[in-house]
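Enquirer: quick one, fold the following:
(3 chains)
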Amino acid sequence: MAQQNLSQKLSDIYQCLLDKYGPQHWWPAESRFEMMTGAVLTQSAAWTNVEKAISRLKEAGLLSPEAIMKADEYTLAEAIRPSGYFNVKTRKLKALAAWLVAGYNGQADKLLPAETDALRQELLGVWGIGEETADSILLYACGKPVFVIDAYTRRIFSRLGLAERDAGYDRLQRLFTANLAAEAAVFNEYHALIVRHAKEHCRVKPVCQGCVLKNICGFN
DNA sequence: GGCCAGGACACCA
DNA sequence: TGGTGTCATGGC
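Expert: Reported below is the predicted structural model:
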């Protein structure tokens, strides 16, 4: 497929989703660190459950890197229990908090001047942070122009015939970064719209009736 | 009662 | 290097 055609198609999909759903106002959080925490807690979890876990962290006074570092594992795990995998996620939050405190004095704002690729490599070095979580933090907490690839993105764009079903993370990410202007605001909205659309029209068992993307990609 | 949800890591061949 | 198992709650 010609690159110009692909670029136009990706732009059309974006505009179509934006017209239908409007701005999604992501990421829903009161601070950068809350966004980072949410990025970990949402791993393989429903966002409604993550919201409960974040509320419990706030109530327990545990929504800061210092508090998470100091908290005993049982207390932290109990707070985030609704988000599932709470023992594993307890270790992940502690690793994230320790990294932020050690390298940035616990201040997420200090991540902003960092060079994007270098910061991404740092994040990937933190236990429990993989590519999607790192990119979510870069985009939503730091405002870097990084496109987030998740299960929804893979599912939708493979069904649209624009990506292989088993395409690797890097390959799928390049589909967007090579064909769209590197604007954090657009990447932010695009990913949020993909999630919004997937929840309504692109679940594991397809429910494509009324899907606004049909006219663009002509799939059934 | 089963499926699914805004993944990542450990282990093994 | 790729495939599989594990981690776990809550809504539908």
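Enquirer: what residues sit buried inside stretch A:96-112?
Expert: Judged by neighbour count (16 or more other C-beta atoms under 10 Å), stretch A:96-112 contains these buried residues: A:96-101, A:104, A:106, A:108, A:111. Every C-beta, even on glycine, is put in place using the N, C-alpha and C of the backbone.
Enquirer: which ones among the residues you listed map onto helices?
Expert: Of the positions in the buried residues of stretch A:96-112, A:96-101, A:104 sit in helices, assigned by DSSP state H.
Enquirer: can I get those residues in CSV including distance to DNA strand C and pLDDT?
Expert: What follows is these, written out as CSV (distance: C-beta to the nearest atom of the strand, whole Å; pLDDT from 0 to 100):
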residue, distance to DNA strand C, pLDDT
A:96, 16, 98
A:97, 17, 98
A:98, 19, 98
A:99, 20, 98
A:100, 22, 98
A:101, 23, 98
A:104, 27, 98
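Enquirer: which one of these sits closest to residue A:17?
Expert: Proximity to residue A:17 was ranked across those by C-beta to C-beta; first place goes to residue A:96, at 30.7 Å.
Enquirer: didn't that closest one look like it was pressed against residue A:126?
Expert: Yes. With contacts counted by C-beta atoms under 8 Å, residue A:96 reaches residue A:126, the gap being 5.8 Å.
Enquirer: confidence score at residue A:203?
Expert: Looking at residue A:203, its pLDDT stands at 71.
Enquirer: for burial, what's the neighbour tally of it?
Expert: Residue crowding around residue A:203 was assessed by other C-beta atoms under 10 Å; the count is 11.
Enquirer: same deal with residue A:63?
Expert: Residue A:63 sits with 20 neighbouring residues when counted by other C-beta under 10 Å.
Enquirer: how much space separates residue A:6 from DNA strand B?
Expert: The spacing between residue A:6 and DNA strand B, counted by C-beta to the nearest atom of the strand, to the nearest Å, is 24 Å.
Enquirer: per-residue pLDDT, that residue?
Expert: Reading off the per-residue confidence, residue A:6 sits at a pLDDT of 91.
Enquirer: from the centroid of chain A, which residue is nearest?
Expert: Centroid-nearest residue in chain A, with C-alpha atoms, centre = their mean: residue A:136, separated by 3.7 Å.
Enquirer: separation between it and residue A:105?
Expert: 22 Å (C-beta to C-beta, to the nearest Å).
Enquirer: quick check: closest non-adjacent residue to residue A:16.
Expert: Spatially, and ignoring its direct neighbours in sequence, residue A:16 is nearest to residue A:212 (5.2 Å; C-beta to C-beta, 6 or more residues apart in numbering).
Enquirer: many thanks, have a good one.
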